[in-house]
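Student: Sequence and predicted structure, then a few things I'm wondering about:
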Amino acid sequence: MRRPASADFSQTNMNATTSPPGRYEQIFRLANDIILLADVDCRIVDCNECAVEAYGWPRDQIIGRTLADLRTPEARCHLPEDIDRLRTTGALIFETEHQSADDRRFPVEASVRLIEDGGDTWLLKIIRDISERKVHEARIHELAYFDPVTRLPNRDLFFDRLAQAVFLAQRDGAPLTVLLMGLADFRRLAGSLGDVGGQSLLMESAARLQRCVRAGDSVARLDGDEFALLLHADARGAERVAAQVLAHFAAPFETNGQQLALECNLGIASYPEDGLSADELLCAASVALAPALAEKGSLYRFHTPQLGLAARRRIEIETGLRDALARGELCLHYQPQIEIASGRVAGVEALMRWHHADWGWVPPGEFIPVAEDCGLIEALGDWALDTALAQVADWRAQGLALRVAVNLSAAQLRAPDLPNDIRRRLDRHAVPPEAIEIEITESMAMRDIDQARARLRALTDTGIQLAIDDFGTGYSSLASMKHFRVGLLKIDMSFVAGLPDDAENAAITAAVIAMAEALGAATLAEGVETAEQLAWLRAHGCHLAQGWHFARAMPADDIAAFCRERFSTLQ
Ligand code: C2E
Ligand code: CA
Ligand code: CA
């Protein structure tokens, strides 16, 4: 068999005339990569030691084979196109798969170039076994695209698959539906079960979901207790799968020898009705999931245009609210609280107002829940507290001794530093603690009663008065209020609205007033709109009243005038 002189290998990257040929021969023999020399028909004419080790044939059995013989059968068919590309470019780097004498397959990176020797052309091929690199790459892929707990695809991979499915649905009109699943109680259960118990719930959930889908559909774990299904089905097909999921989740879960019931909820969105992109579809499924999660029991909900509108409005509000503070669009209005016996203004409640540049006034009932959900409430709450304190200081400087009640949100109450934080703010504004009152709702106080009690005690220790807002709506007993040093109980306006004719509301209100008295707390009736309501409250010993019968919430400047008119606390 004819071969080029060994020194000619040097033409690939060295200058033959300046280096002795024997050295290249040695490099060729001992290199750590497989080196093959072949003729233009791809027949191997020489190889190095490394090739002998890698393929497991003696050198003289490698020589004489074709390059194709070293490839796996599947990779062999690509050889002609590789050679074609080599002919046009002169050099080529590519990945393929080789196999050894004992049929071991291994991925390789091959670099081939054409070399000239006299009138002849040869192929010089340097081959590197990249098995290890491929294992690493697979591991990195696994980490990047799969959830380590359930081994299901993660959010990124699900999104890629969904985007691909949307592309196919657009092209072929194939049906496509996304189901988003949330486990309502998962966080609470996982907290008490510990890491291992929580993970076993997730793995079991993954297994049950996989039993509900067909080959070609996808199940993924997006985050926490949120799973997603990609179904090649229309809404009706998806509904059948949703019903199956509910049925599978109805059976109890067994963890740590305990039997647990998990509530599961699904939001369903189909292409193209509910979204035209992967992003829109996921978003629509999440919008449909929210009301399903809010309702009791396991159930599924379809996305609807109305839900979509409400969700869009929420997003608009969130976006607007992020700029509202910086743009100075927020302000506080103050609603007088009247001492029923004397008719004097005892204090005011600070109520947040937002005037958006384009939308005008946005009611707090609309933006406060959004702020609570998206984490903006802390910043808004801090701002409200500072603004109210600055206002109190201002009124005091005018000789107006008014106590201001400030509404606190659940997130603010959870902040461990709250009592110190409020004390620092009082000091900064040189306002005594008696001049402010903190309102928390009954449900906030009852949610985490031990923590709340410690936190609120630290507050009341500083001399700040505590008011329980919306009392009567939180299903707690008045007796549970004895855990807190409540200065004021604010009777929710839903009870006041029925006075004096609604016997049940009247009985409840009378009982609350009597029991608050026993606890040493004052009572304030909210939402007093009529003279009849006021007369009833006076007759039953309610101390304070607040409502449109006296005044709506108004800007700070109007409060001074209102107080003066009422011969109030002007000293
Ligand atoms: P809330 O604390 O129960 O405030 C009382 C609400 O009842 C206020 O609504 C007030 O304007 C309204 N109101 C007062 N008198 C009457 C009446 O006679 N009839 C009727 N129908 N309504 C009356 P507003 O200002 O829309 O506030 C709604 C809710 O927004 C508040 O309920 C409170 O939960 C929240 N909020 C307002 N400002 C703040 C704040 O600064 N921080 C926090 N966390 N929440 C706030
Ligand atoms: Ca309030
Ligand atoms: Ca209230």
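Tutor: Received, thanks. Small disclaimer: the values here were computed from a predicted structure and weren't measured. Numbers count the residues shown, from 1 in each chain. Ligands and ions are numbered 1, 2, ... in the order given.
Student: nearest spatial neighbour of the closest residue to ligand 2 within the stretch 251-400 of the chain, skipping sequence neighbours?
Tutor: Per CB to the ion, E349 is where the stretch 251-400 of the chain lies closest to ligand 2, at 5.7 Å. Yep, even glycine has a C-beta here, placed from its N, CA and C like the rest. Leaving out its chain neighbours, the residue that sits closest to E349 by CB to CB, 6 or more residues apart in numbering is A405, at 4.4 Å.
Student: My assumption is that that neighbour lies in a strand; please confirm.
Tutor: Yes - secondary structure of A405 (DSSP: H, G, I helix; E, B strand; the rest coil): part of a strand.
Student: how much space between it and A553?
Tutor: 12 Å (CB to CB, to the nearest Å).
Student: What of A388?
Tutor: On the measure of CB to CB, A388 and A553 end up 13 Å apart.
Student: So for those two, which sits in the more crowded spot?
Tutor: A388 (26 against 20; other CB atoms under 10 Å).
Student: that's a helix at A326, yeah?
Tutor: No - going by three-state DSSP, the assignment for A326 is coil, not a helix.
Student: What's the local residue count around it?
Tutor: Neighbour count for A326, taken as other CB under 10 Å: 8.
Student: now H483
Tutor: Counted with other CB under 10 Å, H483 comes out at 15.
Student: Now it: closest residue in space that isn't a chain neighbour?
Tutor: Using CB to CB, 6+ apart, the nearest residue to H483 is R453, at 5.1 Å.
Student: what does this protein put close to ligand 1?
Tutor: With the criterion set to CB under 6 Å from any ligand atom, the chain comes near ligand 1 through 335, 351-352, 363-365, 368, 381, 384, 407, 409, 469-470, 493, 527-529, 546-548, 553.
Student: Helices - which of these land there?
Tutor: 364-365, 368, 381, 384, 493 (DSSP state H).
Student: which of those lies closest to ligand 3?
Tutor: M493 (6.8 Å).
Student: now the closest residue to R455 other than its chain neighbours: how far from ligand 1?
Tutor: Residue nearest to R455 in three dimensions, not counting chain neighbours: L418, with 6.0 Å by CB to CB, 6+ apart. According to CB to the nearest ligand atom, to the nearest Å, L418 stands 13 Å off from ligand 1.
Student: thinking again about what came up before, could you tell me which residues touch both of A405 and A553?
Tutor: E349 (CB atoms under 8 Å, 6 or more residues apart in numbering).
Student: circling back: restricting to the residues of the chain next to ligand 1, which residues neighbour ligand 2?
Tutor: Checking those against ligand 2 by CB under 5 Å from the ion, the ones in range are 407, 469.
Student: Among the residues of the chain next to ligand 1, the buried ones, what's the ChimeraX command?
Tutor: Typed into ChimeraX, the line below selects the buried ones among the residues of the chain next to ligand 1, using 16 or more other CB atoms under 10 Å:
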select :335,351,352,364,368,381,384,407,409,469,470,493,527,528,546,547,553
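Student: got the contact list for A497?
Tutor: 505, 527, 529.
Student: what's the neighbour count on the closest residue to the first one other than its chain neighbours?
Tutor: What sits nearest to N505 in space, not counting adjacent residues and going by CB to CB, 6+ apart, is G498, at 3.3 Å. Counted with other CB under 10 Å, residues neighbouring G498 total 15.
Student: circling back: for the residue of the stretch 251-400 of the chain closest to ligand 2, give me its contacts.
Tutor: Contacts of E349 by CB under 8 Å, 6+ apart are 334-335, 337, 404-405, 407, 439, 546, 553.
Student: Is A38 within a helix or a strand, and which one?
Tutor: Per DSSP states H and E: A38 is located in strand 34-39.
Student: Kindly apply the preceding question to M181 instead.
Tutor: Applying DSSP H and E, one finds M181 within strand 176-183.
Student: Paired strands for that strand, with orientation please.
Tutor: The strands beside strand 176-183 in its sheet (DSSP bridges) come out as strand 226-231 (antiparallel), strand 264-271 (antiparallel).
Student: ok, then the element right after that strand?
Tutor: Immediately after strand 176-183, counting by DSSP H and E, sits helix 186-210.
Student: Now do that next one against strand 264-271, angle only.
Tutor: Helix 186-210 runs at 60 degrees relative to strand 264-271, counting by axes from the mean of the first three to the mean of the last three CA atoms, to 10 degrees.
Student: Determine the set of other helices and strands touching helix 186-210.
Tutor: On a contact count with 3 or more CB pairs under 8 Å, 6 or more residues apart in numbering; DSSP states H and E, helix 186-210 meets strand 176-183, strand 218-223, strand 226-231, helix 235-250, strand 253-255.
Student: and among these, the most buried is which?
Tutor: Neighbour counts (mean count of other CB atoms under 10 Å) averaged over each of the helices and strands packed on helix 186-210 peak at strand 176-183, with a mean of 26.
Student: So for that one, mean pLDDT?
Tutor: pLDDT averaged over strand 176-183 equals 96, rounded to a whole number.
Student: Convert it to CSV, retaining C-alpha atoms only.
Tutor: C-alpha atoms of strand 176-183 as CSV (Å, rounded to 0.1, in the frame of the first residue of the first chain):
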residue,chain,number,x,y,z
LEU,A,176,-52.9,22.4,22.0
THR,A,177,-53.9,23.0,25.6
VAL,A,178,-52.0,23.9,28.7
LEU,A,179,-53.1,22.8,32.2
LEU,A,180,-51.5,24.4,35.2
MET,A,181,-51.9,22.6,38.5
GLY,A,182,-51.5,23.9,42.0
LEU,A,183,-51.8,22.1,45.3
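Student: that older thread, now the angle from the strand holding M181 to strand 218-223?
Tutor: 40 degrees.
Student: Pick out the residue in the stretch 151-300 of the chain sitting closest to ligand 3.
Tutor: Closest point on the stretch 151-300 of the chain to ligand 3, by CB to the ion, is A294, at 21.6 Å.
Student: how close does G347 get to ligand 1?
Tutor: With CB to the nearest ligand atom as the criterion, G347 and ligand 1 are 14 Å apart.
Student: Let me know the secondary structure of that residue.
Tutor: Secondary structure state of G347, per three-state DSSP, is strand.
Student: now it, nearest residue through space, not along the chain?
Tutor: Counting by CB to CB, 6+ apart, G347 lies nearest to R403, which is 3.7 Å off, once chain neighbours are set aside.
Student: doesn't P432 make contact with the one you found?
Tutor: No - using CB atoms under 8 Å, R403 is not in contact with P432, being 10.1 Å away.
Student: Neighbour count: the two, which is higher?
Tutor: R403 (17 against 11).
Student: and this structure, which residues reach ligand 2?
Tutor: Going by CB under 5 Å from the ion, the residues of the chain near ligand 2 are 407, 439, 469.
Student: Does the residue nearest to R455 touch Q412 like I think?
Tutor: Yes - using CB under 8 Å, L418 is in contact with Q412, at 6.4 Å.
Student: now V166: how far from D223?
Tutor: V166 is 21 Å from D223, where distance means CB to CB.
Student: Make JSON lines from the contacts of A497 and add pLDDT and distance to A110 to it.
Tutor: Below are the contacts of A497 laid out as JSON lines (pLDDT from 0 to 100; distance: CB to CB, whole Å):
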{"residue": "N505", "pLDDT": "92", "distance to A110": "86"}
{"residue": "G527", "pLDDT": "97", "distance to A110": "81"}
{"residue": "E529", "pLDDT": "97", "distance to A110": "86"}
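Student: and of these, the nearest to ligand 3?
Tutor: Nearest to ligand 3 out of the contacts of A497 is G527 (CB to the ion; 7.9 Å).
Student: Skipping its backbone neighbours, what lies nearest the closest one in space?
Tutor: Spatial nearest neighbour of G527, chain neighbours left out: M493 (2.6 Å); criterion: CB to CB, 6+ apart.
Student: ok, that neighbour - contacts?
Tutor: M493 neighbours (CB under 8 Å, 6+ apart): 525-527, 547.
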